[in-house]
Structure formats: C-alpha cells, structure tokens
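> Please work out how this folds:
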Amino acid sequence: MPEYRYELRRGEEVIATGHLNREQPLEVGERIAIGSRSGIVRAIEPLLREHELRLVVQLRRYDQSAA
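Have a look, this model is predicted:
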C-alpha cells in the first residue's frame, strides 16, 4: 500500500499538508479528492530516508477561491 506525504497547493502556495495511504498507487495527472478539496496530482517524488513519497496536488480551478 503506497504511503504519501502530500502538499495541497493553490498556485505556488502550500495550503495544507498531511499523510495519505492508498490501496493503489497514484499517477501524475490523476484527479484526486483530499477531504473536501479536489485536485490534480502534479508530482510524486521519493523522500530521502523516508518510507513515504512526496505528493504534490494542485487544486482544481473551481476550488481556487475556497479557503
């Protein structure tokens, strides 16, 4: 089961971080919902000396104004 440390972004601003476990691995370009927010996976990168992967999710356009 893949484990991720995610960054939820609005533009270049990180608005939330957290941890996410998934049954299936994610892919760049995939749509994902985290809580009430939905976005697009922009990057998946290994973290040095960590078992998690770094996951960058860009908010979808209609979520941009939500705080």
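
> dump the residue contacts of A33.
G39 (CB atoms under 8 Å, 6 or more residues apart in numbering). The C-beta positions use only the backbone N, C-alpha and C, and glycine is treated the same way.

> I'd like the distance between it and E50.
For A33, the distance to E50 equals 24 Å [CB to CB, to the nearest Å].

> Same question for G18.
Distance, G18 to E50, using CB to CB: 15 Å.

> Likewise for R60?
Separation of R60 from E50 (CB to CB) stands at 28 Å.

> Okay, buried residues for stretch 1-18 please.
4, 6-10 (16 or more other CB atoms under 10 Å).

> Let me fix that, I meant to ask about stretch 52-62.
Buried, per 16+ other CB under 10 Å, within stretch 52-62: 53, 55-59.

> So what touches that stretch?
With CB under 8 Å, 6+ apart as the test, stretch 52-62 has contacts from 2-10, 15, 19-20, 26, 31-32, 34, 37-47, 66.

> now the strands for this protein?
Using DSSP state E, the strands of the chain run over 3-10, 13-21, 31-34, 37-46, 53-59.

> List the neighbouring strands of the first one plus their orientation.
Strand 3-10 has the following strand partners under DSSP bridges: strand 13-21 (antiparallel), strand 53-59 (parallel).

> looking only at pLDDT, what's the mean for the longest one?
Spelled out, it's strand 13-21. For strand 13-21, the mean per-residue pLDDT is 94.

> the inter-axis angle of it versus strand 37-46?
70 degrees (axes from the mean of the first three to the mean of the last three CA atoms, to 10 degrees).

> Skipping its backbone neighbours, what lies nearest the most centrally placed residue in the chain in space?
Nearest to the mean C-alpha position of the chain, by CA atoms, centre = their mean, lies V57 at 3.4 Å. Of all residues not flanking V57 in the chain, G39 sits nearest, at 4.1 Å (CB to CB, 6 or more residues apart in numbering).

> what do you get for E3?
Closest to E3 by CB to CB, 6+ apart is E52, at 4.6 Å.

> Great, nothing more from me.
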